[in-house]
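S.K.: Provided below are the primary sequence and the corresponding predicted coordinates.
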Amino acid sequence: MTKVTFATHPFLLGFDQLERLVERTAKADTGGYPPYNIEQTTDNAFRITLAVAGFSEDDLAITVEDRQLVVRGRQSDEAEGRVFLHRGIAARQFQRSFVLAEGVDVAGAHMENGLLHVDLTRCEPERVVQTIQIKKG
């Protein structure tokens, strides 16, 4: 039996990478921590905001790996010598991934009031009209 997918449609030439992208995105879901928002700030700009209370800028790392934005957090354990009667604030590490479309770049990131803002921009592709010559014989 042959596996039929949307990428095998004859009008979608070269879109087989899209199917792999959808599969990779489904595997990247890491649960609900830390919570985040994604907002569109302009027609070609987006902002991802992650709630990273308790993390400093030194505890966070932002990388782009193979068109995938990866935000990692790792807190240093400063609990040595401290006695907690109740510990409800988790000091855990996390990794949150976002797949970026072609032409979307990270413009910058900043922290404010326990929120990490990562700004993204989408470059408008250059519109090109190409004439193809038909060779004889």
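M.R.: Arrived safely.
S.K.: Could you use CA atoms for every contact and neighbour count after this?
M.R.: Noted.
S.K.: For burial, what's the neighbour tally of residue 47?
M.R.: For residue 47, the neighbour count with other C-alpha atoms under 10 Å is 21.
S.K.: mind exporting the stretch of helix or strand it belongs to as PDB, just the C-alpha atoms?
M.R.: Element membership of residue 47 [criterion: DSSP states H and E] is strand 45-51. This file holds the C-alpha atoms of strand 45-51, laid out as PDB (Å, rounded to 0.1, in the frame of the first residue of the first chain):
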ATOM      1  CA  ALA A  45       6.800  41.200  12.900                       C
ATOM      2  CA  PHE A  46       6.000  38.800  15.700                       C
ATOM      3  CA  ARG A  47       6.800  38.600  19.400                       C
ATOM      4  CA  ILE A  48       7.100  35.500  21.500                       C
ATOM      5  CA  THR A  49       6.700  36.200  25.200                       C
ATOM      6  CA  LEU A  50       7.700  33.500  27.700                       C
ATOM      7  CA  ALA A  51       6.900  33.700  31.400                       C
END
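S.K.: For that strand, give me every contacting residue.
M.R.: 34-41, 114-122 (C-alpha atoms under 8 Å, 6 or more residues apart in numbering).
S.K.: With adjacent residues omitted, what lies nearest to the spatially most central residue of the chain?
M.R.: Most central in the chain under C-alpha atoms, centre = their mean is residue 98, positioned 1.9 Å from the mean C-alpha point. Excluding the flanking residues, the one nearest residue 98 by C-alpha to C-alpha, 6 or more residues apart in numbering is residue 69, at 5.0 Å.
S.K.: Good, wrapping up.
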